[in-house]
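Visitor: Quick one, fold the following:
(2 chains)
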Amino acid sequence: MSESAGHSTGEYIQHHLTNLQEGHGFWTFNLDTIITSALLGLLVFGLFAWVARKATSGVPGKLQAAVEIVLEMVQTQVKDTFHGEAGAVGPLALTIFIWVFTLNAMDLLPVDLLPMILGAFGIHYWKAVPTTDPNLTFAMSLTVFFLIYFYNIKVKKLGGFVHEVLTAPFGAKMAPFNLLFRIVEDLAKPVSLALRLFGNMYAGEMVFILIALLPVYLQWVLGAPWAIFHILIITLQAFIFMILTIIYLSMAHESH
Amino acid sequence: MNINATIFGQAITFAILIWFTMKFVWPPIIAALEERARKIADGLAAAERGKQDLAQAEQRSNEALNEAKAKAAEIIALSEKRRNEIIEAAREEAKVEADRVKSQARAEVDQEILRAKETLRDQVADLVVSGAEKILRREINAQAHSDLLVSIRAEL
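Guide: Okay, here's the model as predicted:
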């Protein structure tokens, strides 16, 4: 970025990785993450709801067909993974897929576009990609984690769940080990879900920022391939988050 | 990696979005998809039924056609037979009539012959009598010999 000539490279990167924050200590809110994710959620879920409201069982329009393709993809995944009544898992998986996909897609905007526009209005920090904020990815993965326990207890009842935790996979005699295994296993789920998405998007954004440091006439050499590659990453990460959620919840429905 | 209160905000947003999808996005589209799947299935079934109906109608029409053909052939055969019968009957009748006319004619001819014979006989008798009269005018008294003359006539 030629304008950053005055700043050092480190300052430029740091600038791009700083959230717009309000508050002190733990009670700090990353306003950029909250606003971007809410606005995009409003936009894309509003669009989906609008299409759904006008959905016809006759010949669908192109927009409806596109929405149906996404929905059928999600439904196929849920049906393939889930044995038995899926209930709310389909809508949950769809929510995850389209929200994560949309938030990830912010990655494809030029890294300086939003900071420049908002800078003109006196807002100097803006991380455009909400999925590079661990607060968002952990919020999602912990919600999923909560749902895993909710379904575990709903389906197996508390007794059945406790029995499973203490006896699987080594049998009742090894109860402490089973419990230990289970704790590790269950803690790994939200942590891996959140960190995988966060790590991928953060690293991707970082590479975009580094590419933006190249001279203007060279940026496209790396920027274009990386952006094209990122179309895959964006979709893939959204898909992985969705499919793992489906798998975890399907496991929560099944007795061992 | 700084976790702060944003996580609550994001969890709330996420929960709202899940609820929103469950209520306003997922059910209508799934309903439309299922409805369409049902429509397509119905359409395919209807097409299949239509095909079957067509085949059945074709079969029925063929049967009707064959039946009509058979009936026509039967009628033709019957009429031919009837024609032959009529011709035969007419021939028979004509023969009877001809015989009748022939025998009548023969009877008439016979009668005619008989009558001619009678007439001839009378004439011959008259001729004979008149000849005999002429011969015997002088000797034979017609009144006296009328018995004789009658017997002669009878003999002729």
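Visitor: My guess is residue A:205 contacts residue A:109. True?
Guide: No. Between residue A:205 and residue A:109 no contact is recorded; they are 10.5 Å apart, counting by CB atoms under 8 Å. Where C-beta positions appear, they are placed from N, C-alpha and C, glycine not excepted.
Visitor: quick one: residue B:37 and chain A, what's the gap?
Guide: Distance of residue B:37 to chain A, given as CB to the nearest CB, to the nearest Å: 9 Å.
Visitor: Any idea how many residues pack against that residue?
Guide: Other residues near residue B:37 come to 11 when the count uses other CB atoms under 10 Å in any protein chain shown.
Visitor: go on, residue B:62?
Guide: Close neighbours of residue B:62, defined as other CB under 10 Å, add up to 10.
Visitor: ok, now which ones touch it?
Guide: Residue B:62 is in contact with no residue at all, counting by CB atoms under 8 Å, 6 or more residues apart in numbering or on different chains.
Visitor: quick one: secondary structure of it?
Guide: The three-state label given to residue B:62 by DSSP: H, G, I helix; E, B strand; the rest coil is helix.
Visitor: Which pLDDT value belongs to it?
Guide: The predicted local confidence for residue B:62 comes out at a pLDDT of 96.
Visitor: Equivalent analysis for residue A:91, please.
Guide: Reading off the model, residue A:91 has pLDDT 93.
Visitor: how many other residues sit next to it?
Guide: The number of residues packed around residue A:91, counting by other CB under 10 Å, is 25.
Visitor: And for residue A:65?
Guide: As a burial measure, the neighbour count of residue A:65 was computed by other CB under 10 Å and equals 11.
Visitor: same question, the one 10 residues further on
Guide: Taking other CB under 10 Å as the neighbour definition, residue A:75 ends up with a count of 19.
Visitor: Setting aside sequence neighbours, what's the nearest residue to it?
Guide: Nearest non-adjacent residue to residue A:75, counting by CB to CB, 6 or more residues apart in numbering or on different chains: residue A:90, 5.8 Å away.
Visitor: And residue A:32, by the same measure?
Guide: What sits nearest to residue A:32 in space, not counting adjacent residues and going by CB to CB, 6+ apart, is residue A:20, at 4.4 Å.
Visitor: quick one, what contacts that neighbour?
Guide: Neighbouring residues of residue A:20 by CB under 8 Å, 6+ apart: A:30-32, A:123, A:125-127.
Visitor: CA atoms only: put stretch A:84-95 into PDB for me.
Guide: Output in PDB follows, covering the C-alpha atoms of stretch A:84-95 (Å, rounded to 0.1, in the frame of the first residue of the first chain):
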ATOM      1  CA  GLY A  84     -33.400 -41.100  12.600                       C
ATOM      2  CA  GLU A  85     -35.300 -37.900  13.300                       C
ATOM      3  CA  ALA A  86     -33.100 -34.900  12.400                       C
ATOM      4  CA  GLY A  87     -35.500 -32.300  13.800                       C
ATOM      5  CA  ALA A  88     -33.900 -28.900  14.100                       C
ATOM      6  CA  VAL A  89     -30.500 -30.100  12.900                       C
ATOM      7  CA  GLY A  90     -31.300 -29.300   9.200                       C
ATOM      8  CA  PRO A  91     -32.100 -25.600   9.900                       C
ATOM      9  CA  LEU A  92     -29.100 -25.400  12.300                       C
ATOM     10  CA  ALA A  93     -26.700 -26.800   9.600                       C
ATOM     11  CA  LEU A  94     -28.100 -24.400   7.000                       C
ATOM     12  CA  THR A  95     -27.700 -21.500   9.400                       C
END
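Visitor: Check which residues of it are buried.
Guide: Along stretch A:84-95, the positions that meet the burial threshold by neighbour count (16 or more other CB atoms under 10 Å in any protein chain shown) are A:86, A:88-95.
Visitor: hmm, back to that, give me the more crowded residue out of residue A:205 and residue A:109.
Guide: Taking residue A:205 and residue A:109 together and counting by other CB under 10 Å, residue A:205 has the greater number of neighbours (22 against 12).
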